[in-house]
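> Sequence and predicted structure are below.
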Amino acid sequence: MSQGSARRDRGRQRDRLVRSIAQSQLVTSAVVLLFAVLAIVSAPDSLNSPLFYTGLAIMFVVTGLAVIVPWSINNKHWAVALPILDIIAIVIIRSGTPESGVGLFLVFPVIWMARNFRLSGALCSVALATFLLWSSWLLSGERMSAANLNELILLPITLGFIATTTYATSRRTNGQRVLLRSQAAVTEAAFARARAQERTLVEILDAVEFGVVAFDREGSVSVVNEAHRRSLTEFGAPRTAIVHPVAYQYDRVTQYPPDSRPFARALSGQEFENMTLWVGEPGEDRVAFSVTARHLTTPDGDVDGGVVVLRDVTAELEAIQARDDLIASVSHELRTPLTSILGYLELALDDDGLGPDTHRMIDIAHRNSERLLSLVTDLLLAASDGDKTLPLTLVRCDVAEIAGYALEDQRAVADALGIELVSEITSPAVTNADPLRIRQVIDNLLSNAIKYNRPHGTVTLAVGFVANGIHVSVTDTGVGLTDEEQSQLFDKFYRTESARQSTVAGSGLGMGIVRDIVRQHGGELAVVSSLGEGSTFTMLLPAIRHLDE
């Protein structure tokens with residue numbers, strides 16, 4: 001505590017002490033003065049008693065001392081002399097006018113001493129009053145009467161009861177006062193900690209580079225950090241605003257309706273993440289934000305407002321756009337030579353002079369060129385519009401036959417790497433599907449199983465019926481996948497750690513595309529893998545459907 005605070009605290013304590021002493025004495029003096037006036041009016045003979053005037057004089061001297069003396073913490077103990085002198089003055093007045101009943105006024109100094117000087121004050125005040133009453137009676141030489149009995153016996157008992165009650169009440173009041181002061185100190189300390197934590201939180205939020213807007217359960221904004229305020233001013237909004245003047249969707253052209261904007265959705269109680277928001281007019285400087293909204297909750301789990309976080313993802317989206325533009329350009333350039341290759345291969349297949357072996361090899365090259373052209377087309381489609389689905393042509397086909405062709409086409413590659421291919425295709429599996437797309441899925445799964453297998457490993461292709469459709473599985477004895485890799489395997493452009501460390505080239509598009517193909521057929525593609533033991537990819541296709549479904 002500083003010296004200034006200590007001086008102010010001592011000053012407040014002194015003021016309270018002075019007021020307490022003066023008020024206690026003034027109450028006693030006022031009551032005695034009122035009695036004196038009444039006594040003079042009702043019993044003028046009391047004016048002939050010197051004791052009456054002596055008691056009054058002592059009372060007013062004591063009152064003057066209570067008001068004039070500069071009481072302080074150091075001399076407060078001397079204040080006990082005031083109620084003692086009051087007791088003496090009242091007993092003297094009573095001796096001068098014994099029939100007046102002024103002894104009852106002993107209650108006031110007794111209460112004063114019991115309240116301010118604790119148990120010792122209570123006992124001493126009652127003892128002193130009793131001693132003086134009995135002494136004055138003995139000196140007067142009067143006989144014991146009913147009136148004397150009341151003042152000498154009942155009055156001390158009454159004073160003792162009042163002193164005890166006052167002491168107990170004062171002690172309880174002091175305890176409550178101490179408790180309240182302690183609670184006030186604890187509350188003040190808690191408020192100080194809360195203010196310090198609030199300042200720290202504001203400083204932290206102002207230091208981060210992403211925008212933060214928080215609001216309470218009534219929808220009133222409680223926090224807006226500096227990064228968001230800067231973003232608002234950059235696009236012409238005042239610092240007191242909450243949202244940007246205009247907001248565009250992912251395509252950068254379509255404006256969000258007012259009730260669909262991120263902050264409006266958050267206020268309505270919705271939670272979402274990675275919602276793309278473009279600010280700025282087309283043709284001008286623009287910034288993209290990834291917006292996430294979350295609820296704030298009370299310790300009981302009730303919703304207590306929410307928080308909206310805006311992260312600048314302009315550089316990321318522009319990098320993705322540049323990558324997609326490059327992929328689209330390369331894919332477009334690959335389609336022309338592939339079309340030419342297919343044309344010449346078709347002409348070669350029409351030559352009747354080809355031998356059986358040559359015809360078979362050219363036919364394999366033709367089929368793989370068609371698949372390569374399809375893959376390039378898919379790559380171009382994925383780069384140009386990630387939301388567009390792959391075109392399907394559903395016909396009645398045998399998945400088992402398609403799988404058999406795929407396995408034979410991969411055999412030369414597998415033999416070169418020492419990988420054993422095992423077929424568990426037991427019976428036809430006919431359904432309505434796009435044969436080219438199903439072949440694309442199986443080829444991708446077989447190719448990965450061979451490329452990421454161990455030397456002299458095994459790849460098993462199984463096709464069969466199960467209760468809810470056609471089951472196609474590719475099992476390898478390769479390096480396997482971690483749980484994290486399995487969770488991201490079908491993400492666009494994702495490659496596993498083993499794939500990145502290997503010499504096998506890849507774009508990370510294959511698994512995402514084949515899963516989309518399976519899902520467009522109404523099926524599902526799943527993986528089960530153990531690191532170091534291998535993986536099993538399972539494609540489940542629905543049973544045969546009518547073509548008009």
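Arrived safely, thanks for sending. Numbers count the residues shown, from 1 in each chain.

> OK, contacts around the closest residue to residue 231 other than its chain neighbours?
Here the nearest residue to residue 231 in space, its sequence neighbours aside, is residue 211; by Cβ to Cβ, 6 or more residues apart in numbering that works out to 5.8 Å. From N, CA and C alone the C-beta is placed, and that goes for glycine too. When contacts are counted by Cβ atoms under 8 Å, 6 or more residues apart in numbering, residue 211 touches 225, 227-228, 231, 289, 308-311.

> Filter these down to the ones in strands?
Within the contacts of residue 211, residues falling in strands by DSSP state E are 289, 308-311.

> In JSON lines: the residues you listed, plus neighbour count and distance to residue 365.
Below are the ones in strands among the contacts of residue 211 laid out as JSON lines (neighbours: other Cβ atoms under 10 Å; distance: Cβ to Cβ, whole Å):
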{"residue": "289", "neighbour count": "23", "distance to residue 365": "50"}
{"residue": "308", "neighbour count": "24", "distance to residue 365": "57"}
{"residue": "309", "neighbour count": "20", "distance to residue 365": "54"}
{"residue": "310", "neighbour count": "25", "distance to residue 365": "53"}
{"residue": "311", "neighbour count": "16", "distance to residue 365": "49"}
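
> Which members of these define the maximum pairwise distance?
Across the ones in strands among the contacts of residue 211, no pair lies farther apart than 308 and 311, at 10.9 Å, counting by Cβ to Cβ.

> Identify the contacts common to these two.
Overlap between the contact sets of residue 308 and residue 311, as judged by Cβ under 8 Å, 6+ apart, is given by 211, 291-292.

> Name the next helix or strand downstream of the lowest-mean-pLDDT helix or strand in the chain, please.
For the chain, using mean pLDDT, DSSP states H and E, the weakest element among its helices and strands is helix 497-501, scoring a mean of 50. Beyond helix 497-501 in the direction of the C-terminus, DSSP states H and E gives the next helix or strand as helix 510-520.

> Dump that next one to CSV, keeping only the CA atoms.
Once non-C-alpha atoms are left out, helix 510-520 reads as follows in CSV (Å, rounded to 0.1, in the frame of the first residue of the first chain):
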residue,chain,number,x,y,z
GLY,A,510,-6.2,-40.2,-58.0
MET,A,511,-7.7,-41.3,-54.7
GLY,A,512,-10.1,-38.3,-54.5
ILE,A,513,-11.3,-38.9,-58.1
VAL,A,514,-11.9,-42.6,-57.7
ARG,A,515,-13.8,-42.1,-54.5
ASP,A,516,-16.0,-39.5,-56.2
ILE,A,517,-16.6,-42.0,-59.0
VAL,A,518,-17.7,-44.7,-56.6
ARG,A,519,-20.0,-42.3,-54.7
GLN,A,520,-21.6,-41.2,-58.0
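
> now the helix or strand that comes right after it: mean pLDDT?
Scanning the chain past helix 510-520 towards its C-terminal end, the next helix or strand to appear is strand 524-530 (assignment: DSSP H and E). In this model, strand 524-530 carries a mean pLDDT of 88.

> any idea of the angle strand 524-530 forms with helix 510-520?
Counting by axes from the mean of the first three to the mean of the last three Cα atoms, to 10 degrees, strand 524-530 points 140 degrees away from the direction of helix 510-520.

> Return the set of buried residues in strand 524-530.
When burial is assessed from 16 or more other Cβ atoms under 10 Å, strand 524-530 yields the following buried residues: 525, 527, 529.

> hey, what's the nearest residue to the second one once chain neighbours are set aside bridged with?
Which is residue 527. Nearest in space to residue 527, with sequence neighbours left out and distances taken as Cβ to Cβ, 6+ apart, is residue 537 at 5.2 Å. The bridge-partner assignment for residue 537, based on DSSP bridges, gives residue 474, residue 527.

> Could you tell me how far residue 537 is located from residue 514?
If you measure residue 537 against residue 514 using Cβ to Cβ, to the nearest Å, the figure is 9 Å.

> Now list whatever residues contact both of these two.
With Cβ under 8 Å, 6+ apart as the test, residue 537 and residue 514 both reach 445, 525.

> So for the protein, the centremost residue is which one?
By Cα atoms, centre = their mean, the chain has its centre lying nearest to residue 296, at 5.2 Å.

> which SSE is that residue in?
Using DSSP H and E, residue 296 sits in strand 287-297.

> Okay, now the sheet partners of that strand, with direction.
So strand 287-297, judged by DSSP bridges, has these partners: strand 272-279 (antiparallel), strand 303-312 (antiparallel).

> out of these, nearest to residue 401?
Nearest to residue 401 among the strands paired with strand 287-297 is strand 272-279; the distance by Cβ to Cβ comes to 42.8 Å.

> How about that closest one, which residues are buried there?
Applying a neighbour-count criterion of 16+ other Cβ under 10 Å, the buried positions in strand 272-279 are 275-279.

> try stretch 444-457
Of the residues in stretch 444-457, those scored as buried under the neighbour-count criterion (16+ other Cβ under 10 Å) are 444-453, 457.

> Residues touching that stretch, excluding its own?
Outside of stretch 444-457, the residues within contact range by Cβ under 8 Å, 6+ apart are 406-407, 410, 413-414, 417-420, 459, 461, 474-479, 498-499, 502, 504, 510-511, 513-514, 534-535, 537, 539.

> Tell me who's in contact with residue 112.
Counting by Cβ under 8 Å, 6+ apart, residue 112 touches 24, 28, 82-83, 86, 125.

> same question, residue 125
83-84, 87, 109-110, 112-114, 159, 163.

> what separates it from residue 114, distance-wise?
Counting by Cβ to Cβ, the separation of residue 125 from residue 114 is 7 Å.

> What residue spans form the domains of this structure?
With domains defined by automatic domain parsing, the chain comprises 3-185, 211-312, 325-384, 395-541.

> Distance to residue 203 for those domains - can I get that in a markdown table?
Below are these laid out as a markdown table (distance: least, Cβ to Cβ, whole Å):
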| stretch | distance to residue 203 |
| --- | --- |
| domain 3-185 | 27 |
| domain 211-312 | 10 |
| domain 325-384 | 42 |
| domain 395-541 | 35 |
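
> just to revisit the earlier point, how about the strand holding residue 296: buried residues?
Neighbour-count burial for strand 287-297 flags 287-293 (criterion: 16+ other Cβ under 10 Å).

> For the stretch 1-150 of the chain, which segments are assigned as helices?
Here the stretch 1-150 of the chain has its helices, by DSSP state H, counting those that start in this stretch, at 3-42, 50-68, 81-96, 107-116, 118-140, 146-149.

> relative to helix 50-68, how tilted is the third one?
Meaning helix 81-96. Taking the same axes, to 10 degrees, one finds that helix 81-96 is oriented at 160 degrees with respect to helix 50-68.

> quick one, helix 81-96 and helix 118-140 angle?
For helix 81-96 against helix 118-140, the angle between stretch directions is 30 degrees (the same axes, to 10 degrees).

> which helices and strands does helix 81-96 pack with?
On a contact count with 3 or more Cβ pairs under 8 Å, 6 or more residues apart in numbering; DSSP states H and E, helix 81-96 meets helix 3-42, helix 50-68, helix 107-116, helix 118-140.

> nearest to residue 129, of the strands paired with strand 287-297?
Between residue 129 and the strands paired with strand 287-297, the shortest separation by Cβ to Cβ is 62.9 Å, and it involves strand 303-312.

> Would you quantify the distance from the residue nearest to the centre of the chain to residue 227?
To residue 227, residue 296 is 19 Å away according to Cβ to Cβ.

> for residue 80, same thing?
Taken as Cβ to Cβ, the spacing of residue 80 relative to residue 227 amounts to 67 Å.

> and what of residue 533?
Distance, residue 533 to residue 227, by Cβ to Cβ: 48 Å.

> Look at the two and report which has more neighbours.
residue 227 (19 against 11; other Cβ atoms under 10 Å).

> thinking again about what came up before, return the strand holding residue 296 as PDB; C-alpha atoms alone will do.
Written as PDB, here are the backbone C-alpha positions of strand 287-297 (Å, rounded to 0.1, in the frame of the first residue of the first chain):
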ATOM      1  CA  VAL A 287      -9.200 -10.000 -49.700                       C
ATOM      2  CA  ALA A 288     -10.500 -13.400 -49.000                       C
ATOM      3  CA  PHE A 289     -11.400 -14.600 -45.500                       C
ATOM      4  CA  SER A 290     -12.000 -18.000 -44.100                       C
ATOM      5  CA  VAL A 291     -14.700 -17.500 -41.500                       C
ATOM      6  CA  THR A 292     -15.400 -19.800 -38.600                       C
ATOM      7  CA  ALA A 293     -18.200 -19.300 -35.900                       C
ATOM      8  CA  ARG A 294     -18.400 -21.000 -32.600                       C
ATOM      9  CA  HIS A 295     -20.700 -20.800 -29.600                       C
ATOM     10  CA  LEU A 296     -19.500 -19.500 -26.200                       C
ATOM     11  CA  THR A 297     -21.000 -21.400 -23.300                       C
END
